[in-house]
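Visitor: Sequence and predicted structure, then a few things I'm wondering about:
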Amino acid sequence: MTEDTAVTSDAGKLNTFIDRIERLEEEKRELATDIREVFAEAKGAGFDVKVMRQVLRLRKMDPADRAETEFLRDEYKKLLGMTE
């Protein structure tokens, strides 16, 4: 393989990667738009979007990590006198 052939091959591979990334970025933008629309629908139905985002964040967590986070949050609230 000559140097020119190697460069052409590398350029082709790089171009393929760039094209794939650009397509995925476009799909990501489209999905983000779809997600915003679902949140708008939920808000229109009377749900609190801010709380929904918090619940989604919690659902992504491992149960042990979620329990630890909730425990620490409750402890901090106690320290700050925010309990009822």
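Guide: Here it is on my side, so go on.

Visitor: Would you mind listing where this structure has pLDDT under the threshold?
Guide: In the predicted model of the chain, residues 1-2 satisfy pLDDT under 70.

Visitor: Please report the number of neighbouring residues for A42.
Guide: 13 (other Cβ atoms under 10 Å). C-beta here means a position set from N, CA and C on the backbone, and glycine is covered the same way.

Visitor: Beyond the one helix or strand it maps to, next helix or strand please.
Guide: In this structure, A42 sits in helix 3-44 according to DSSP states H and E. Remark: after helix 3-44, the chain's next helix or strand is helix 49-60, criterion DSSP H and E.

Visitor: follow-up on the earlier one: give me the helices and strands touching the helix holding A42, please.
Guide: Using 3 or more Cβ pairs under 8 Å, 6 or more residues apart in numbering; DSSP states H and E, the elements in contact with helix 3-44 are helix 49-60.

Visitor: List every C-alpha atom in the helix it packs on, with coordinates, as PDB.
Guide: The C-alpha trace of helix 49-60 is given here as PDB (Å, rounded to 0.1, in the frame of the first residue of the first chain):
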ATOM      1  CA  VAL A  49     -42.600  18.900  34.600                       C
ATOM      2  CA  LYS A  50     -39.900  19.900  37.100                       C
ATOM      3  CA  VAL A  51     -40.900  17.000  39.400                       C
ATOM      4  CA  MET A  52     -41.200  14.600  36.500                       C
ATOM      5  CA  ARG A  53     -37.600  15.400  35.600                       C
ATOM      6  CA  GLN A  54     -36.500  14.700  39.200                       C
ATOM      7  CA  VAL A  55     -38.400  11.400  39.100                       C
ATOM      8  CA  LEU A  56     -36.700  10.400  35.800                       C
ATOM      9  CA  ARG A  57     -33.300  11.200  37.300                       C
ATOM     10  CA  LEU A  58     -34.100   9.100  40.400                       C
ATOM     11  CA  ARG A  59     -35.400   6.200  38.200                       C
ATOM     12  CA  LYS A  60     -32.100   6.100  36.300                       C
END
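
Visitor: what sits up against it?
Guide: 39, 42-43, 66, 69 (Cβ atoms under 8 Å, 6 or more residues apart in numbering).
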